[in-house]
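S.K.: need a structure here:
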Amino acid sequence: LGIIESLQHLHDELRSYNAPPTVHPTIESLKPESKSMFGRLFGNTPKEQKLKEIPDNLPRGLYLYGDVGSGKTMLMDLFYETLPSSVHSKTRIHFHNFMQDVHKRLHKMKLEHGNDIDAVPFVAADIAEKGNVLCFDEFQCTDVADAMILRRLLEALMSHGVVLVTTSNRHPDDLYKNGIQRDSFIPCINLLKNRLHVINLDSPTDYRKIPRPPSGVYHAPLDKHAHSHAEKWFRFLGDPHQDQPRAETQRVWGREIHVPKVSGRAAMFTFDELIGRPTSAADYIELMRSYDAFVVTNVPGMTYRERDLARRFITFIDAVYESRAKLVLTTAVPLTQLFLSKEEVKESVQRDKEDKKGQAEDGHDIDDTMRNLMDDLGMNMKMLKSSSIFSGDEERFAFARALSRLSEMGSREWVERGMGLEKDGGKQEKDSWQRVRSRQMEDSM
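M.R.: Numbering: from 1, shown residues only. Model prediction:
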């Protein structure tokens with residue numbers, strides 16, 4: 001049911017979605033900057049951006065994965081054939097054939113314009129002209145040549161407003177495993193997880209495999225999917241059949257904490273209900289003693305104007321992490337923009353460069369910095385932690401630690417730990433996790 005809902009949600013979004021017109025980058029913008037003395041003296045005109053920003057209204061695509069025979073291709077074909085009439089162009093292709101075509105196009109451009117040209121943005125624009133919705137069958141990466149260009153290729157397609165739907169035998173985290181220079185492929189994996197709904201089509205048949213929701217625990221933006229995402233996870237982590245959802249009140253040092261929705265050992269709050277009112281670490285620790293899982297909805301992006309909210313939310317994240325509880329979020333922006341906006345980072349990076357060099361540089365490098373920053377929760381933290389956007393070392397550390405912990409708590413291992421879902425764990429593993437969590441709670445008292 002959750003899989004059909006996700007397909008229907010995307011279908012509904014596409015009814016009102018209008019992809020922007022495709023604009024090819026100029027050949028000049030794809031050439032490397034001149035390294036000659038003459039070029040450095042007279043080539044100060046800022047170059048055109050190769051890649052535009054991904055549109056804010058781009059619907060999140062779908063990544064359907066599962067074993068052979070799980071119905072991935074059938075579902076995608078059905079989706080493709082029933083796309084709304086508002087989708088003016090669409091393409092369905094086997095991923096292997098797609099990448100062969102891409103490499104042929106790249107080779108042709110290099111023959112025409114030289115080996116130094118960055119042909120990926122231009123080829124992506126060619127492909128975008130052929131389809132607003134692009135459906136891949138059997139997404140995989142086994143070749144180092146594919147691995148080195150995939151992230152920029154997919155990002156370029158999205159920047160032209162292309163909606164991606166793909167099938168695969170593997171979860172994104174398992175793509176290109178043990179491949180050459182796999183670290184360079186991690187940004188592509190994160191792009192897939194951040195921009196597509198990752199849905200598992202494997203059927204739960206083992207009694208230990210509770211039918212968990214098919215998508216990850218974090219959802220952005222606050223679109224039509226957000227409410228159903230939170231409700232599905234609340235039903236999974238709670239016990240609505242045996243324990244109907246209700247409100248509860250917890251008490252901390254004579255004060256009352258209102259918990260608006262509880263089922264089993266799961267609690268659900270909006271961000272304003274949990275963080276918007278004055279709360280402290282003691283409140284969060286008490287909540288950790290009472291509940292094993294938390295669903296927090298409508299989390300906004302927090303700029304420097306909301307630093308108090310950001311610090312309070314980071315304290316809550318630390319409490320969840322240290323108690324080994326589960327966390328589900330629906331957020332207005334991607335995780336890497338929760339505590340500072342793109343504009344803040346750009347201004348800070350520009351200011352830091354001016355301080356170091358005494359003069360401003362063009363915005364091209366800043367765009368590349370932003371793109372790299374969004375690649376991965378764990379990457380480029382060194383740049384962020386040294387940025388002047390933070391008020392001190394303690395705040396820099398807390399910010400980086402919160403992103404690192406959110407990344408870990410979003411992993412399958414963290415979510416499934418203690419739920420008897422592991423292939424070899426079952427009830428014994430769950431009982432062991434409960435003992436560890438109980439000891440941790442005793443230590444915090």
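S.K.: so residue 57 makes contact with residue 17?
M.R.: Yes - contact criterion Cβ atoms under 8 Å: residue 57 and residue 17 qualify, at 6.9 Å. Every C-beta, even on glycine, is put in place using the N, C-alpha and C of the backbone.
S.K.: tell me which of those two has more neighbours.
M.R.: For residue 57 versus residue 17, neighbours defined as other Cβ atoms under 10 Å are more numerous around residue 17 (19 against 14).
S.K.: and the more buried one, what pLDDT?
M.R.: As predicted, residue 17 sits at a pLDDT of 90.
S.K.: hmm, it is touching residue 86, no?
M.R.: Yes - using Cβ under 8 Å, residue 17 is in contact with residue 86, at 7.0 Å.
S.K.: mind listing the strands for the stretch 101-250 of the chain?
M.R.: 133-137, 163-168, 196-200, 218-219, 246-252 (DSSP state E, counting those that start in this stretch).
S.K.: which residues does the third one contact?
M.R.: For strand 196-200, the external contacting residues (Cβ atoms under 8 Å, 6 or more residues apart in numbering) are 2-3, 6, 10, 60-66, 164, 166, 171-172, 192, 214-216, 225.
S.K.: can you give me the angle it makes with strand 163-168?
M.R.: If you take axes from the mean of the first three to the mean of the last three Cα atoms, to 10 degrees, strand 196-200 sits at 30 degrees to strand 163-168.
S.K.: are any of the contacts of strand 196-200 buried, and which?
M.R.: Buried by 16 or more other Cβ atoms under 10 Å: 2-3, 6, 10, 60-66, 164, 166, 171-172, 192, 214-216, 225, out of the contacts of strand 196-200.
S.K.: would you mark the buried spots in stretch 157-175?
M.R.: Quick answer for stretch 157-175 (16+ other Cβ under 10 Å): 157-168, 171-172, 175.
S.K.: from residue 158, how far out is the nearest residue to residue 105 once chain neighbours are set aside?
M.R.: Setting aside the residues directly before and after it, residue 105 is nearest to residue 123 in space (Cβ to Cβ, 6 or more residues apart in numbering), at 4.6 Å. Residue 123 is 14 Å from residue 158, where distance means Cβ to Cβ, to the nearest Å.
S.K.: same question for residue 29.
M.R.: From residue 29 to residue 158 the distance is 19 Å (Cβ to Cβ).
S.K.: any idea of the mean pLDDT in stretch 152-171?
M.R.: When pLDDT is averaged along stretch 152-171, the result is 92.
S.K.: so how far is that stretch from its chain's centroid?
M.R.: 13 Å (Cα atoms, centre = their mean, to the nearest Å).
S.K.: repeat that for stretch 325-334.
M.R.: Taking mean C-alpha positions (Cα atoms, centre = their mean), stretch 325-334 and its chain are 10 Å apart.
S.K.: what's the end-to-end length of it?
M.R.: When the termini of stretch 325-334 are compared using Cα to Cα, to the nearest Å, they are 21 Å apart.
S.K.: which residues are contacting it?
M.R.: Contacts for stretch 325-334 (Cβ under 8 Å, 6+ apart): 194, 217-222, 226-227, 229-230, 233-234, 237, 266, 288, 291-301, 317, 320, 338, 341, 374, 406, 409, 414-415, 437.
S.K.: give me the below-cutoff pLDDT ranges for the stretch 151-300 of the chain.
M.R.: The stretch 151-300 of the chain contains residues with pLDDT under 70 at 202-215.
S.K.: where do the helices sit along it?
M.R.: For the stretch 151-300 of the chain, applying DSSP state H, counting those that start in this stretch gives helices covering 186-195, 224-237, 271-274, 281-290.
S.K.: rebuild those as JSON lines, extending it with distance to residue 118.
M.R.: Written out in JSON lines, the entries for the helices of the stretch 151-300 of the chain read as follows (distance: least, Cβ to Cβ, whole Å):
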{"stretch": "helix 186-195", "distance to residue 118": "16"}
{"stretch": "helix 224-237", "distance to residue 118": "34"}
{"stretch": "helix 271-274", "distance to residue 118": "41"}
{"stretch": "helix 281-290", "distance to residue 118": "48"}
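S.K.: quick one: closest of those helices to residue 309.
M.R.: helix 271-274 (8.3 Å; Cβ to Cβ).
S.K.: name the residues of that closest one that come out as buried.
M.R.: Those would be 271, 273, 274, for helix 271-274 by 16+ other Cβ under 10 Å.
S.K.: touching, the second one and residue 258? I think so.
M.R.: Yep, that's residue 273 we're talking about. Yes - with contact defined as Cβ under 8 Å, residue 273 counts as touching residue 258 (7.4 Å).
S.K.: what residues are up against the closest residue to residue 70 other than its chain neighbours?
M.R.: What sits nearest to residue 70 in space, not counting adjacent residues and going by Cβ to Cβ, 6+ apart, is residue 201, at 4.3 Å. Residues in contact with residue 201 (Cβ under 8 Å, 6+ apart) are 3, 64, 65, 66, 70, 71, 72, 75, 214.
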